[in-house]
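Novice: quick one, fold the following:
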Amino acid sequence: MNLNAYLSLMGGTWHPEQTADGTVLRPAGVDDGDVLSVPDTTYVLTLDADSMLLRDYCLRLVHLLESPGNEKVAVTQTPYSSFRGAPTRIERIAGATTDIQHIQHQGMTQYGATFWVGANAVIRKRALEDIVEISTVGGFEVRTYIQDRTVIEDTESSVDLGKHGWTLANYPERLSYSATPPDFGSLVVQRRRWANGGLLILPKLWEQIRKRRGQARPVLFREILLRVNYMASITWASFGLLFLLAYPYDSRLLSPLVFLAALPYFLAMGSDLRDCGHRFSDIFRIYGFNLVLLPVNLAGVLKSLQQALTGDKIPFVRTPKVKDRTAAPALYVLAPYLIVAFSLLTVWRNWQLGNWGNAAFAAFNAIMAAGAIRAYIGLANSGVDLYLGVLNWLYVEPKKPKALPPAIIPKTPEQVDWESLLYHGDRRLNRDLRGKNDRRKRAGSV
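Specialist: Reported below is the predicted structural model:
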């Protein structure tokens, strides 16, 4: 990761050296003339490529960290807000959910359950030194400050900092803004990444709770609830919504109290939306928005379960930023149509049985999902993405003949490049006896 690489260079003087794999940086000696000096700082500012900060962002946040009583605050941030005047419907509704999350994160700070959001932050460098993990890779010292075990590395780092006695805080102002995906294809990439990794971090949270209990600094129950909800709510919300859509319950299991129980949630959301400059009626648009994203969230959760079972890491997939539209995978385009079809089937079946409450709920889901498909995916774009999905599934690249390894021509001792032989080892002899995940392959880029 670029962030880990730069943090490792801070506070040192480095000499560029040419090796068989290119240029590497080694600690500079007294006689080295060409050196790179990287100054060390008390605080580090991180910023995503699609985010913008107001001019007084650093001034305010550093003042917060320097204030008496905040000596153990490791990270402070302003959870990003959406840009106003979005040109597309999906961008506006995705921005509305972002603005709601801003309020949620501020409330989590009130109860000591802050998480590093990742798009922007001012970080105390000393806190990062407490969570660094040092390993030796190919003769180089590799310092890992931010773990890349999951694609939501900011959430995992928040738990790591808590294990070492550090806290996090959100500054109660809107000082940062971030762009939201302009089309469904890029939104799928972003939200699938957000849904992945939370379950993998939960064991670290339990470890932090046990450690703090042993240090007579117990974690409050309300903080545990908020942190578990933040990391695992996508899991139970996705499976719960799938159950509500698919389970063939009758009127004996459906009570008006079920709908009344959800009423405070939607009223609070509508109030927050109005405070953020959106419409109260956006609660229905967000409901449809979540319906079409249900398969995306389920895919992220299932990927987390796969990682937990196999121990594999998945690459970080960046949100596409292209001039034209990003095509969505056919499965995520087809699934919302299946939700509409199944909801209509449920309406017809319950109408025949006289279960009017069930029929009304299924009809509401069908209307919300159909409206979301038209507004956020588009009928024409759906056809294009489905066509491309089928085409890519049918298309098979022709097999290429396997190239034989080049013959090894014996060399005399004078012709042997001993430096390359010592550096590469068996690879020079076309023998790669190491596994594909051996981290020594990354040594050339350190």
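Novice: tell me where the longest strand sits in the chain.
Specialist: Looking across the chain with DSSP state E, the single longest strand is strand 12-19.
Novice: give the buried residues for it.
Specialist: 14, 15 (16 or more other CB atoms under 10 Å). Every residue, glycine included, has its C-beta placed from N, CA and C.
Novice: can you list the neighbours in contact with whichever helix or strand comes after that strand?
Specialist: In the C-terminal direction, the helix or strand that comes right after strand 12-19 (DSSP states H and E) is strand 22-27. Residues outside strand 22-27 that contact it (CB atoms under 8 Å, 6 or more residues apart in numbering): 9, 12, 13, 14, 15, 16, 17, 36, 140, 444, 446.
Novice: quick check, the fourth one in contact with residue 35.
Specialist: Think residue 14. Yes - with contact defined as CB atoms under 8 Å, residue 14 counts as touching residue 35 (6.5 Å).
Novice: give me the common contacts of those two.
Specialist: residue 28.
Novice: picking that back up, widest-spaced pair of the contacts of strand 22-27?
Specialist: Spatially, the most separated pair among the contacts of strand 22-27 is 13 and 444, at 21.4 Å (CB to CB).
Novice: tell me the one among the contacts of strand 22-27 nearest to residue 243.
Specialist: Closest to residue 243, out of all of the contacts of strand 22-27 and judged by CB to CB, is residue 446, at 48.2 Å.
Novice: ranges for the helices of the stretch 201-350 of the chain?
Specialist: Counting by DSSP state H, counting those that start in this stretch, the segments of the stretch 201-350 of the chain that form helices are 221-246, 256-275, 282-292, 294-310, 330-353.
Novice: the residue lying closest to residue 12 once chain neighbours are set aside: neighbouring residues, count only.
Specialist: Spatial nearest neighbour of residue 12, chain neighbours left out: residue 38 (6.0 Å); criterion: CB to CB, 6 or more residues apart in numbering. By other CB atoms under 10 Å, 15 other residues sit near residue 38.
Novice: for residue 38, give its distance to residue 27.
Specialist: 12 Å (CB to CB, to the nearest Å).
Novice: what is in contact with those two at once?
Specialist: 12, 13, 14.
Novice: in a markdown table: those, plus distance to residue 72 and pLDDT.
Specialist: Below are the shared contacts of residue 38 and residue 27 laid out as a markdown table (distance: CB to CB, whole Å; pLDDT from 0 to 100):
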| residue | distance to residue 72 | pLDDT |
| --- | --- | --- |
| 12 | 27 | 87 |
| 13 | 31 | 88 |
| 14 | 32 | 88 |
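Novice: now, which of those residues sits nearest residue 267?
Specialist: residue 12 (55.2 Å).
Novice: check contacts around the residue nearest to residue 9 when sequence neighbours are not counted.
Specialist: The shortest distance from residue 9 to any non-neighbouring residue, by CB to CB, 6+ apart, is to residue 38 (4.4 Å). Residue 38 makes contact with 6, 9, 10, 11, 12, 13, 14, according to CB under 8 Å, 6+ apart.
Novice: same check, this time on residue 79
Specialist: Taking CB under 8 Å, 6+ apart as the definition, contacts of residue 79 comprise 101, 102, 105, 106, 117, 170, 176.
Novice: count the neighbours of residue 392 for me.
Specialist: 11.
Novice: let the chain start at 59 from now.
Specialist: All set: I'll call the first residue 59, so the last point we hit is now residue 450.
Novice: now do the helix or strand harbouring it against helix 388-411, angle only.
Specialist: Element membership for residue 450, per DSSP H and E: helix 437-452. Note on geometry: by axes from the mean of the first three to the mean of the last three CA atoms, to 10 degrees, helix 437-452 and helix 388-411 are set 120 degrees apart in direction.
Novice: now stretch 260-277: buried residues?
Specialist: Buried-residue list, stretch 260-277, by 16+ other CB under 10 Å: 260, 262, 263, 266, 267, 277.
Novice: now do it, average pLDDT.
Specialist: Averaging pLDDT along stretch 260-277 yields 88.
Novice: for stretch 476-485, same thing?
Specialist: 64.
Novice: contacting residues for residue 225?
Specialist: 130, 131, 132, 170, 172, 219.
Novice: ok, and the most crowded of those?
Specialist: The contacts of residue 225, ranked by neighbours (other CB under 10 Å): first place residue 132, 28 neighbours.
Novice: return the residues in contact with it.
Specialist: Counting by CB under 8 Å, 6+ apart, residue 132 has contacts 181, 182, 185, 186, 219, 224, 225, 226.
Novice: just to revisit the earlier point, residues of the helix holding residue 450 that come out buried?
Specialist: Applying 16+ other CB under 10 Å to helix 437-452 flags 439, 440, 443, 444, 447 as buried.
Novice: likewise for stretch 200-207?
Specialist: 200, 201, 202, 203, 204, 205, 207.
Novice: which one is residue 119 nearest to, not counting chain neighbours?
Specialist: residue 180 (4.3 Å).
Novice: for whatever helix or strand the one you found lives in, packing partners?
Specialist: In the assignment (DSSP H and E), residue 180 maps to strand 178-182. Contacting strand 178-182 under the criterion 3 or more CB pairs under 8 Å, 6 or more residues apart in numbering; DSSP states H and E are the following elements: strand 101-105, helix 115-124, strand 131-135.
Novice: tell me the strands beside it, with direction?
Specialist: strand 101-105 (antiparallel), strand 131-135 (antiparallel) (DSSP bridges).
Novice: since that was my last question, I'll sign off now.
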